[in-house]
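Enquirer: With the input below, show me the fold.
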Amino acid sequence: MSQVTVTNGPATPPVQPTRLFRSPVASLSSKGANELENSEENSLKELTEYVFATMEKEFCFDVVNKPGRKTVCTCLHDLGEQINDDEVDDCAKALFLFCKLEFAERKRIVKEWIRSGLAAQLMFQGQQRETSTRVFLFPGSTTRLICRNALCQLIGYGKKSWKSIVELVKSGNDPVHGLKGKTGNKLNAKSQGLMHEFFKDMQQYALPRATKIVRTQMVDGVNTLVELREEEKDTIELPSSMTKRGLYNRFIGGLGWKIQWDNKGRLLKKTEMGEEQKHPARQEKTLMMRMPLRRL
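Expert: Residues are numbered from 1 along each chain as shown. Take a look at the predicted model:
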């Protein structure tokens, strides 16, 4: 009598997601404009190498639904066999310009890409899969088309980023920061009250402001920016002798604290007398931190 072997699972393990390349766009976008300008040559080289690396993959990988899973699309690989080095350089330049944009502007552009892509999908509905999925322009090109996953890989977008903009397209809203026009989540009501009282008291030291016409000439040289003064009607100007650090010392001094700094503006852990010195805001969270004064 033959024996039957029973197994608890498939003979081969399921296919594991592939680790995706991380687009340099994500890190470059976080840099300042001056830093990007100074590193343009190296950035373009890095972007070019990344584009070549993504086109070497035989298949596109899902970025939106099941990140890392291999798809049946081969648009980037096919593109690698069709385009020349100049077109890859154009793609790298387009990605670099994308990095230099402000956060909201980048999201607005991606929103327009998605809008046009969804419209194209409706037009090509019912046609071959290759035609209905390759509806996004290859960055830097006006004729080459790629799929959604390929575009996400190039611009460094993941599942959350892409789907959040898709929701904006469907709702018709514009991309804005979640706290725009709202109070910060970490705002301390008592600290805010103390600061309001302090700066209200500082108004008595405000200097008289220049007239509108003088301020206009100083800014532009010609009397064209007449509205400048009107926009700043709620702004007061304190004497130049009142530095940020001086105002901070005055603020905490009024609350009974005495702080000493070194010649580089750093808070001393111990005073010259050897006494341990604690920052009031570290000991009492209700007091104002030093950072808000830097933003005045």
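Enquirer: Provide the count of other residues in contact range of V88.
Expert: Using other CB atoms under 10 Å, V88 has 20 neighbouring residues. To be clear about C-beta, it is placed using only N, CA and C from the backbone, and glycine gets the same treatment.
Enquirer: do the same with R22
Expert: Other residues close to R22 by other CB under 10 Å number 12.
Enquirer: Find the residue closest to it in space, skipping its chain neighbours.
Expert: Excluding the flanking residues, the one nearest R22 by CB to CB, 6 or more residues apart in numbering is G156, at 7.3 Å.
Enquirer: Would you mind confirming that that neighbour makes contact with S23?
Expert: Yes - if you go by CB atoms under 8 Å, G156 and S23 touch, sitting 3.4 Å apart.
Enquirer: Mutual contacts of the two, please.
Expert: Listed contacts common to G156 and S23 are nil; contacts here mean CB atoms under 8 Å, 6 or more residues apart in numbering.
Enquirer: now the helices for the stretch 101-250 of the chain?
Expert: Along the stretch 101-250 of the chain, counting by DSSP state H, counting those that start in this stretch, helices occupy 103-123, 129-133, 148-155, 159-171, 189-202, 212-220, 228-231, 244-254.
Enquirer: Return the most buried member of those helices.
Expert: With neighbours taken as mean count of other CB atoms under 10 Å, the helices of the stretch 101-250 of the chain reach their highest mean count in helix 148-155, at a mean of 25.
Enquirer: what angle separates it from helix 103-123?
Expert: Computed by axes from the mean of the first three to the mean of the last three CA atoms, to 10 degrees, the angle separating helix 148-155 from helix 103-123 equals 160 degrees.
Enquirer: Show me what helix 148-155 is packed against.
Expert: Secondary-structure packing of helix 148-155 (3 or more CB pairs under 8 Å, 6 or more residues apart in numbering; DSSP states H and E): helix 40-56, helix 75-82, helix 85-100, helix 103-123, strand 136-137.
Enquirer: any residues touching that helix, and which ones?
Expert: By CB under 8 Å, 6+ apart, the residues outside helix 148-155 that reach it are 20-21, 23, 25, 51, 54, 60-64, 71, 73, 75-76, 91, 95, 98, 110, 113, 117, 133, 135-136, 139, 146, 157-158, 162.
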